[in-house]
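> Curious how this folds, go ahead:
(one chain, ligands or ions: 2)
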Amino acid sequence: MLTDDAISKLIKAGEIAKRTLRYVEQSVKPGVGILSLANDIEKYILELGGELAFPVNIGINSVAAHYTPVYNDSGIIPDGSIVKIDIGVHVDGYIADAALTISFNPVYEGLLEATRRSLEKAIEFIKPGVKASEIGRIIENTIKSHGYKPIKNLSGHGIERYVIHSGVIIPNYHDVLNIHRLNNGVYAIEPFATNGVGLVSELNQVTIYSLKAHGRRIPDNIKVFYDKIYSERQGLPFAERWYIKSDSDAENVREALITLKKHKLLVEYPVLVEKGNGLVAQFEHTVIVTQKDVIVTTN
Ligand code: MN
Ligand code: MN
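Ligands and ions are numbered 1, 2, ... in the order given. Here you go, the predicted structure:
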């Protein structure tokens, strides 16, 4: 059950996410450096009184998710690209997860429209007790009616306090095996559409991490680093660049991450790319479903 306090914090996080997406629409332009873009977006969230639920994801063209700029990243927004910006805001652990796609090539407008429309239709359809599989069916049918494919192995998800992915899946296709019904909870609805094959695969590259809780002694050589991040993040994802202020830090932080991985204390989120190198669009909103109501916090 969501308390009134939880709902008001979810709404506040949603309001900050909404304002941040408006800022994103004005800031993303070809030629802009993605490192300064990510820093600016994250700073904006903090200035509005939110905290970062995860590092801002910047997905260019066929990169679908899980890329955040790294320390000294020299990437820029390319001419003629499509760019997905996915942001996570939290207020006292209550999370808003939202994303949009911006196109710098009129050829991709149809792909954006298919994705945007599938999210709108899915949200119109949500009511207490609705089946997750039915939401998937609407997303799939809408995207296909525009001539594109949903990405089947990316999905919306349940959200809990300090937990971005609760384990509940809201599919982007008609998954008859998914028997979940939306009730008394928080959910992110996030269709991804593509002109590729409709699947993502993992790259070897990792730019986003989280820490596992531990029930045993942490080796002394990484205890300070682990405790610092865990106390700030409580298991929420982080970017390496957040902890690197100089070239010498970079080496130390990367070594510490390797050590944490060896001790099985690190979760890695590999960069996800469309399997057929198709272009990918994504739109996402967070909704609260109570016993009687549906509140879209990020719209
Ligand atoms: Mn998201
Ligand atoms: Mn999400």
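> would you say K12 is within a helix?
Yes: K12 forms part of a helix when assessed by DSSP: H, G, I helix; E, B strand; the rest coil.
> ok, how many other residues are close to the residue nearest to it when sequence neighbours are not counted?
In space, K12 comes closest to V91 once its chain neighbours are excluded; the distance is 4.8 Å by Cβ to Cβ, 6 or more residues apart in numbering. From N, CA and C alone the C-beta is placed, and that goes for glycine too. Using other Cβ atoms under 10 Å, V91 is surrounded by 20 other residues.
> so how far is ligand 2 from V91?
Distance, V91 to ligand 2, using Cβ to the ion, to the nearest Å: 17 Å.
> That residue contacts A13, doesn't it?
Yes: between V91 and A13 there is a contact under Cβ atoms under 8 Å: 4.5 Å.
> Spell out which residues are contacts of both of those two.
Counting by Cβ atoms under 8 Å, 6 or more residues apart in numbering, the shared contacts of V91 and A13 are G50.
> Mind jotting down where the helices sit in the chain?
When assigned using DSSP state H, the helices of the chain occupy the ranges 4-27, 34-47, 109-125, 132-145, 220-233, 247-262.
> Contact residues of the stretch 1-150 of the chain facing ligand 2?
D97 (Cβ under 5 Å from the ion).
> Could I get the contacting residues of the spatially most central residue of the chain?
Against the mean C-alpha coordinate of the chain, by Cα atoms, centre = their mean, the closest residue is D86 at 4.9 Å. Taking Cβ under 8 Å, 6+ apart as the criterion, D86 is in contact with 56-57, 59, 65, 97-99, 282, 284.
> now that we have those residues, which one has the most neighbours?
For those, neighbours were counted by other Cβ under 10 Å; the highest total belongs to D97, with 29 neighbours.
> Skip the chain neighbours and tell me the closest residue to that residue.
A188 (4.3 Å).
> Please apply the same query to Y243.
V253 (5.1 Å).
> which residues touch N277?
For N277, counting by Cβ under 8 Å, 6+ apart, the contacting residues are 62, 196.
> oh, and call the first residue 441 from now on, that's how I've got it
Will do, 441 is the new start, and the previous item becomes N717.
> pLDDT wise, what is it at?
Note for N717: predicted pLDDT of 97.
> Now it: phi and psi?
As for N717, its main-chain torsions (degrees, to the nearest 10) stand at phi 50, psi 30.
> Ligand 1 contacts on this protein?
Taking Cβ under 5 Å from the ion, the part of the chain that reaches ligand 1 is made up of 526, 537, 539, 724.
> hmm, 8 Å instead?
For the chain, the residues in contact with ligand 1 under the definition Cβ under 8 Å from the ion are 494, 497, 505, 526-528, 537-539, 604, 628, 630, 722, 724.
> Spit out the contact partners of N635.
551, 588-589, 718-719.
> Can you check which strand is longest in this protein?
Longest among the strand segments of the chain by residue count, using DSSP state E, is strand 640-651.
> For that one, which outside residues touch it?
494-495, 497, 504-510, 591, 593-594, 632, 666, 669-670, 673, 675-680, 697, 700, 705-715, 720.
> ok and the residue in the stretch 441-590 of the chain nearest ligand 2?
For the stretch 441-590 of the chain, the residue positioned closest to ligand 2 under Cβ to the ion is D537, at a distance of 4.1 Å.
> I599 is in contact with that residue, correct?
Yes: shown here, D537 and I599 form a contact pair, counting by Cβ under 8 Å, at 6.6 Å.
> Identify the contacts common to those two.
Taking Cβ under 8 Å, 6+ apart as the contact criterion, the common neighbours of D537 and I599 are 628, 726.
> Fine by me, thanks again.
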